[in-house]
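Trainee: could you work out the structure for the sequence below:
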Amino acid sequence: MQRVMIVGQPGSGKSTLARQLGERTGLPVVHIDTIHWQPGWVERSQDEKTRLCGEVEAGERWIFEGGHSATWENRLARADLLIWIDRSTPLRFWRVLRRTLLNRGRTRPDLPADCPELLGNLPEFFRFMWQTRQSARRKMQQLVADAPRGCRVVCLRSDQDTQAFLASFD
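Mentor: Reported below is the predicted structural model:
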């Protein structure tokens, strides 16, 4: 296992799983939010995000978590493991609220510098999560269905699934 692609909707646990898997395997971890955002919550252009994703995907070893679905096909073609974290909408909303409250005013490790968690951003982010909950899930179902034969696919639907998966690396 050299290249791991992790997908899931916001609050599903992608960043946490990527960090934990990186610690166990020694693979370098890339969070899509460090590509999507620049310091100060400045969004990169689509072309810039695609270029940066391509640079990561061209590498020999990585754990790459997150979206920018425009590059999923390329990433999946290079991955030898695809992990889909498929968690319930209420749980994901709770987790996003909790992480925002716990990190309020601070930047999480999976974000670029100067991107502090702000309560004021929650309503817009919750609206995005709600509006994309079904379409994003369908995209991920299709991604799993399209996985190449040589790519192992793991779907994690509970904390127990995730802990059992991680334990297999101990």
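Trainee: how close does Leu27 sit to Ile83?
Mentor: 13 Å (C-beta to C-beta, to the nearest Å). Just so you know, the C-beta spots here come from the backbone N, C-alpha and C atoms, and that holds for glycine as well.
Trainee: what is the burial count for Ile32?
Mentor: Using other C-beta atoms under 10 Å, Ile32 has 23 other residues around it.
Trainee: of Leu27 and Ile83, give the one with the bigger neighbour count.
Mentor: Neighbours were counted for Leu27 and for Ile83 using other C-beta under 10 Å; Ile83 has more, 24 against 18.
Trainee: which residue, other than its chain neighbours, is closest to Pro109?
Mentor: Once flanking residues are discounted, Pro109 sits nearest to Arg19: 7.5 Å by C-beta to C-beta, 6 or more residues apart in numbering.
Trainee: next secondary structure after the helix or strand where the one you found lies?
Mentor: Counting by DSSP states H and E, the element that carries Arg19 is helix 14-25. Scanning forward in sequence from helix 14-25 by DSSP H and E, the next helix or strand is strand 29-31.
Trainee: give me the contacts around that following strand.
Mentor: 15, 18-19, 21-22, 56, 62-66, 110-111 (C-beta atoms under 8 Å, 6 or more residues apart in numbering).
Trainee: with stretch 92-112 instead?
Mentor: By C-beta under 8 Å, 6+ apart, stretch 92-112 touches 9-13, 15, 18-19, 31, 33-34, 37-39, 113-119, 121-122, 125-126, 129.
Trainee: before we move on, the earlier item: now list whatever residues contact both of Leu27 and Ile83.
Mentor: Joint contacts of Leu27 and Ile83 (C-beta under 8 Å, 6+ apart) are Val4.
Trainee: circling back to that earlier point, which among the contacts of stretch 92-112 end up buried?
Mentor: With burial judged by 16 or more other C-beta atoms under 10 Å, the buried subset of the contacts of stretch 92-112 is 9-13, 15, 18-19, 31, 33-34, 37, 115, 117, 122, 125, 129.
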